[in-house]
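Colleague: pasting a predicted model and its sequence here:
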Amino acid sequence: MIGQTIICSTCGEQKPKMAYYSGNKKCKKCCIEYQKNYSSKNKKKISEYARGYNKQNADKRKAYREANKEKIQAQKRANYLKSKEGDSKHKS
């Protein structure tokens with residue numbers, strides 16, 4: 001099965017199987033492009049859904065944050081350092 005290729009249903013290009021998400025007929029590049037387009041065209045719908053979900057699951061979200069304070073802080077710190085590192089590279 002090494003070297004197996006699939007033709008993308010969107011762009012029509014023949015690409016290796018690893019260029020696709022499992023069970024998807026669109027290549028990863030086309031999936032990402034589709035998601036970007038969908039997100040930009042449906043901002044209001046997506047934000048309304050997220051707002052409703054967050055409201056319905058407020059208790060679960062709060063419990064998760066309380067149970068995982070250290071993990072969340074470590075992620076925030078890592079993201080901060082990563083962004084700080086990126087800023088210093090661009091200033092030179």
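Modeller: Structure's in. What do you need? Fair warning: this is a prediction, and the values are worked out from it, not measured in the lab.
Colleague: the bottom helix or strand of the protein by mean pLDDT?
Modeller: Lowest on mean pLDDT, DSSP states H and E among the helices and strands of the chain sits helix 69-91, with a mean of 87.
Colleague: please state the offset of that one from the chain centre?
Modeller: 18 Å (CA atoms, centre = their mean, to the nearest Å).
Colleague: could you do stretch 76-92 as well?
Modeller: The chain centre lies 20 Å from the centre of stretch 76-92; the measure is CA atoms, centre = their mean.
Colleague: and that stretch, C-alpha only, in PDB?
Modeller: Only the C-alpha atoms of stretch 76-92 are listed here, as PDB (Å, rounded to 0.1, in the frame of the first residue of the first chain):
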ATOM      1  CA  LYS A  76      -0.900  29.800  28.900                       C
ATOM      2  CA  ARG A  77       2.700  30.200  30.000                       C
ATOM      3  CA  ALA A  78       4.000  28.100  27.000                       C
ATOM      4  CA  ASN A  79       1.800  30.100  24.600                       C
ATOM      5  CA  TYR A  80       3.100  33.400  26.100                       C
ATOM      6  CA  LEU A  81       6.700  32.300  25.800                       C
ATOM      7  CA  LYS A  82       6.200  31.100  22.200                       C
ATOM      8  CA  SER A  83       4.500  34.400  21.200                       C
ATOM      9  CA  LYS A  84       7.300  36.400  23.000                       C
ATOM     10  CA  GLU A  85       9.900  34.300  21.100                       C
ATOM     11  CA  GLY A  86       8.200  35.000  17.800                       C
ATOM     12  CA  ASP A  87       8.000  38.800  18.600                       C
ATOM     13  CA  SER A  88      11.700  39.000  19.300                       C
ATOM     14  CA  LYS A  89      12.600  37.200  16.000                       C
ATOM     15  CA  HIS A  90      10.600  39.800  14.100                       C
ATOM     16  CA  LYS A  91      12.100  42.900  15.800                       C
ATOM     17  CA  SER A  92      15.700  42.300  14.700                       C
END
